[in-house]
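Undergrad: Fold the stuff below for me.
(2 chains)
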Amino acid sequence: MLLLRLAVRNARRNVTRSALTAFTVMLGTALVCVFLSWIEGVFGTTLLGSTNAIGHVRVVDPDFAQREQLQPMYENVPDALAFAEKLSSKPGVVAAFPKIMTGATVEVDGTIGDVFAPVAGAPAAYFSDRLDAGKSLVDGTLFTGKGKEFVIGVKVAEKAKAKVGDELVLTGVTQDGATSAIIGTIVGITSGDALTSQQIWAPLDEIQYLTDLGDASTEVLVFADDYENGSDLAASLRADPDLAEYTVQAWDEREPFNGLMQTVQVMKVIMNGIMVFIASLAIWNTMTMSVLERTSEIGVLRAMGLTRGRTVLLFLYEAVLIGAMGGVAGLFLGGGLAYYLEVHGVELGEEVTQNMDANMAMSSHVYGDVNAEVLITAFFVGLLMAAVGSLVPAIRASRVEPVVAMRA
Amino acid sequence: MRSLITALCLMLAAPALAEEPAAAPRFAEQPTAEQLLSALDDNLTFESRTTTIKMTVVNPRRTREFTMRTFARGEDEASIEYLSPTRDAGTKMLRRGDELWMYIPNVERTQKISGHMLRQGMMGSDMSYEDMMASTEWEELYTASVTGADEVNGRKCWKVELLAKDDTVTYPKRVSCVDAETGIPTKQELYALSGMLLKTWTMEDVKIFEGGRRFPTKMTISDKLKEGTYTTIEMSDITFGVELEDEIFSQRWLERR
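TA: As a prediction, this is how the structure comes out:
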């Protein structure tokens, strides 16, 4: 308690210097707060959209999972609709949809091979319920169920010079690699993220014909009530004897999300590290000055029996005190800015998001996400800044010899 | 030497007069590369032909059979109509010079095949559209040299190595074994620029046709980039020198039911 009182007194001795130090910590904490909330918001929104597209969990043939990049469509899930129906009744499963992803060239003036687009074939409910496709429609409608229909992304429409009502021929390959084609009418054009801008959506049976898969699909997407429960659902499905012959993967076990999650964590650590380093320099400066100014006083305290350890603690308390003040102020500043981002967001422009990887459903208008985890992390990063910055001067103070100090 | 599709058509044309020729070896001594290439031309060049082909595409999972009727005139015009299986019946292809069109009946459209599509296997076979389109003017495109004698299926052949004069050809290196007796390239190995073996192509069941033309009636192509696949092409009802209407080589024919 005595040390704490001394620390408070020391901090108040040079108010300007302490305020400047607290200001630095405040800025650091605010930046950490804004950065973390931004990352949480952008990444969270992207994950929500992306996992809705790829499923919280998916069930595939083991060979398909192993060689997915080669698109071995012959490694598939037979009788896919019935299988998805069966999966829907499993505990923890909210919905299940068969899906086929393939590629096709889009006819432009009778020439194929020039405009290429990824094509997703799935039941209409998948597009409307999971992808919330209605919101991304910029022209026309979703599937009406009246026949052979396509919904195409705005980027595909631009390249193919296509519009709602046009007949579209998709030429792709069967599971054996033979050329195959389907024809249909464009009923809607979607825009927004890369997924809704770059893909062509078609009814499952049409893509089953295009790929000559019969009643099969390359994957069955399974949804829990929240994507964060994907891992638990995957674990439960893996234990189900009905799925013994399949590979069950949670979304975060799949490319690119498994690597991306680690990357985001590394980014957070690096950003926090940079902030700690910069603010620590300011604290280090303040504490060093404080030690130099109070050499005599430290000598007296040491002569009166203050141990080296308690001397270190004295300066740590002072630094943490200043850091805490700066941290709290930083939370108000950073929290306010982050809240603004959460409410209003930032428009990145569709040009940016439309051209991203088609697996990343990143909205063109992104929002921050302020939550308790962000605020607590930012505050403790502020305290860490103070503690790290004060450590060297505190140790230096503890090494002051009482006699030498008093002479000085 | 004509295009591969021409060779394919040739195999279909002209009534077979005899089985394996029993004539004296045409190239008992090591011939020059020019002599061998000239022999290939003599056997495989034609004015026109019609034929029926059975193409069997084998992969580790399933075997598919296609039947098609083909027509060819000179080295630049060829057309194919698929007769079976049901899914592909009515599909037609037309090659005129360097251009290739395909009519797909279920979409009732004629589409020109270009870009990356050309590298796909024709109906999923080991023969790509690019293979069909590739010029086989080997004397023009390659520097040829005879590297010695070899044996294919117990028959003596002369090994010819063809190195592309520029890198734009589909296969920068070919190694062919030309039968010493028939002058038919009974085995070919097709390599990439890196030296990787891309495809092997064998020709067998050589028959003698009118005018002494020797012609293989069975080919086996294996794409070495695909695991466990091969495609055999067997020809029957081969007729050379038939009158073919211009319409057969037009887009109108493609869309005619």
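
Undergrad: alpha carbons only for contacts and neighbour counts from here, please
TA: OK.

Undergrad: what's downstream of the longest helix along chain B, the next helix or strand?
TA: Identified as the longest helix of chain B according to DSSP state H is helix B:33-44. Once helix B:33-44 ends, the next helix or strand along the chain (criterion: DSSP states H and E) is strand B:48-58.

Undergrad: Quick check: neighbours of that next one in the sheet, parallel or antiparallel?
TA: As defined by DSSP bridges, the strand partners of strand B:48-58 come to strand B:63-73 (antiparallel), strand B:230-240 (antiparallel).

Undergrad: Average pLDDT for that strand, rounded please.
TA: Here strand B:48-58 scores 93 as its mean pLDDT.

Undergrad: quick one: low-confidence ranges for the stretch 1-150 of chain B?
TA: Within the stretch 1-150 of chain B, the set of residues satisfying pLDDT under 70 comprises B:1-25, B:133-137.

Undergrad: re earlier: redo the strands paired with strand B:48-58 as TSV? Include mean neighbour count.
TA: Below are these laid out as TSV (neighbours: other Cα atoms under 10 Å in any protein chain shown):
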stretch	mean neighbour count
strand B:63-73	21
strand B:230-240	22
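
Undergrad: Mind putting those into a markdown table with distance to residue A:28?
TA: Formatted as a markdown table, the strands paired with strand B:48-58 follow (distance: least, Cα to Cα, whole Å):
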| stretch | distance to residue A:28 |
| --- | --- |
| strand B:63-73 | 67 |
| strand B:230-240 | 65 |
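
Undergrad: residues near residue A:13, how many?
TA: Other residues within reach of residue A:13 by the criterion other Cα atoms under 10 Å in any protein chain shown amount to 12.

Undergrad: no, scratch that, I was asking about residue B:119
TA: 14.

Undergrad: what comes up buried for the longest helix of chain B?
TA: B:33, B:36, B:37, B:39, B:40, B:41, B:42, B:43, B:44 (16 or more other Cα atoms under 10 Å in any protein chain shown).

Undergrad: That one packs against which elements?
TA: Here helix B:33-44 touches helix B:4-12, helix B:138-141, strand B:142-152, strand B:214-223, going by 3 or more Cα pairs under 8 Å, 6 or more residues apart in numbering or on different chains; DSSP states H and E.

Undergrad: again, only this time at 10 Å
TA: Counting contacts by 3 or more Cα pairs under 10 Å, 6 or more residues apart in numbering or on different chains; DSSP states H and E, helix B:33-44 is packed against helix B:4-12, helix B:138-141, strand B:142-152, strand B:155-164, strand B:173-179, strand B:185-191, strand B:214-223.

Undergrad: quick one: which of the ones you listed is nearest chain A?
TA: Closest approach to chain A among the helices and strands packed on helix B:33-44 (Cα to the nearest Cα): strand B:214-223, 12.7 Å.

Undergrad: And that closest one, what does it pack against?
TA: By 3+ Cα pairs under 10 Å, 6+ apart, strand B:214-223 packs against helix B:4-12, helix B:33-44, strand B:48-58, strand B:185-191, strand B:197-208, strand B:230-240.

Undergrad: Need those in a markdown table (columns: distance to residue A:31).
TA: Formatted as a markdown table, the helices and strands packed on strand B:214-223 follow (distance: least, Cα to Cα, whole Å):
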| stretch | distance to residue A:31 |
| --- | --- |
| helix B:4-12 | 67 |
| helix B:33-44 | 75 |
| strand B:48-58 | 62 |
| strand B:185-191 | 58 |
| strand B:197-208 | 56 |
| strand B:230-240 | 62 |
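
Undergrad: Averaged pLDDT, stretch A:301-316. What do you get?
TA: The average pLDDT for stretch A:301-316 rounds to 82.

Undergrad: Report the buried residues of it.
TA: In stretch A:301-316, counting by 16+ other Cα under 10 Å, buried: A:302, A:306, A:308, A:311, A:312, A:313, A:314, A:315, A:316.

Undergrad: quick check, nearest of those residues to residue A:82?
TA: residue A:316 (65.8 Å; Cα to Cα).

Undergrad: So which bits of the helix or strand containing that closest one are buried?
TA: Using DSSP H and E, residue A:316 sits in helix A:308-344. Within helix A:308-344, the residues that count as buried by 16+ other Cα under 10 Å are A:308, A:311-342.

Undergrad: Next secondary structure after that helix?
TA: Criterion used, DSSP H and E; the element after helix A:308-344 is strand A:346-347.

Undergrad: residues contacting residue A:189?
TA: A:133, A:136-142, A:150-157, A:162-164, A:196-197, A:200-201 (Cα atoms under 10 Å, 6 or more residues apart in numbering or on different chains).

Undergrad: and chain B, which of those residues reach it?
TA: Filtering the contacts of residue A:189 for neighbours of chain B using Cα under 10 Å from any Cα of the partner chain leaves an empty set.

Undergrad: Go through these and flag which are in strands.
TA: Those of the contacts of residue A:189 mapping onto strands are A:137, A:138, A:139, A:140, A:150, A:151, A:152, A:153, A:200, A:201, per DSSP state E.

Undergrad: Tell me the one of those residues nearest residue A:106?
TA: Using Cα to Cα, the ones in strands among the contacts of residue A:189 come closest to residue A:106 at residue A:200, 9.7 Å.

Undergrad: ok, the closest residue to residue A:402 other than its chain neighbours to residue A:401 distance?
TA: Ranked by Cα to Cα, 6 or more residues apart in numbering or on different chains and with sequence neighbours excluded, the top spatial neighbour of residue A:402 is residue A:299, at 3.9 Å. Note on residue A:299: its distance to residue A:401, by Cα to Cα, to the nearest Å, is 6 Å.

Undergrad: still on that earlier bit, kindly reformat the helices and strands packed on helix B:33-44 as CSV containing mean neighbour count.
TA: Formatted as CSV, the helices and strands packed on helix B:33-44 follow (neighbours: other Cα under 10 Å):
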stretch, mean neighbour count
helix B:4-12, 28
helix B:138-141, 16
strand B:142-152, 17
strand B:155-164, 22
strand B:173-179, 25
strand B:185-191, 22
strand B:214-223, 23
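
Undergrad: Of the ones in strands among the contacts of residue A:189, just the buried ones, ChimeraX syntax please.
TA: Buried subset of these, written as a ChimeraX selection, criterion 16+ other Cα under 10 Å:
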select /A:137,140,150,151,152,153,200,201
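
Undergrad: Let me know the closest of the ones in strands among the contacts of residue A:189 to chain B.
TA: The nearest one, if we look at the ones in strands among the contacts of residue A:189 relative to chain B and count by Cα to the nearest Cα, is residue A:150, at 14.5 Å.

Undergrad: Who does the closest one form a beta bridge with?
TA: Those that pair with residue A:150 in a beta bridge, by DSSP bridges, are residue A:186.

Undergrad: Please name the residues that touch it.
TA: A:119, A:121, A:142-143, A:164-170, A:183-189, A:200-203, A:206.

Undergrad: Weed out the non-buried ones from those.
TA: Among the contacts of residue A:150, those classed as buried by 16+ other Cα under 10 Å are A:119, A:121, A:142-143, A:164, A:167-170, A:183-189, A:200-203, A:206.

Undergrad: Show me the one of the helices and strands packed on strand B:214-223 that comes nearest residue A:288.
TA: It's strand B:197-208; of the helices and strands packed on strand B:214-223, that one is closest to residue A:288 (Cα to Cα) at 70.9 Å.

Undergrad: can you list the domains in chain A?
TA: A:2-51+A:259-407, A:57-223 (automatic domain parsing).

Undergrad: Return the member of those domains having the minimum mean pLDDT.
TA: Per-stretch mean pLDDT for the domains of chain A is lowest at domain A:2-51+A:259-407 (a mean of 79).

Undergrad: Next, residue A:369: secondary structure please.
TA: Per DSSP: H, G, I helix; E, B strand; the rest coil, the secondary structure class of residue A:369 is coil.
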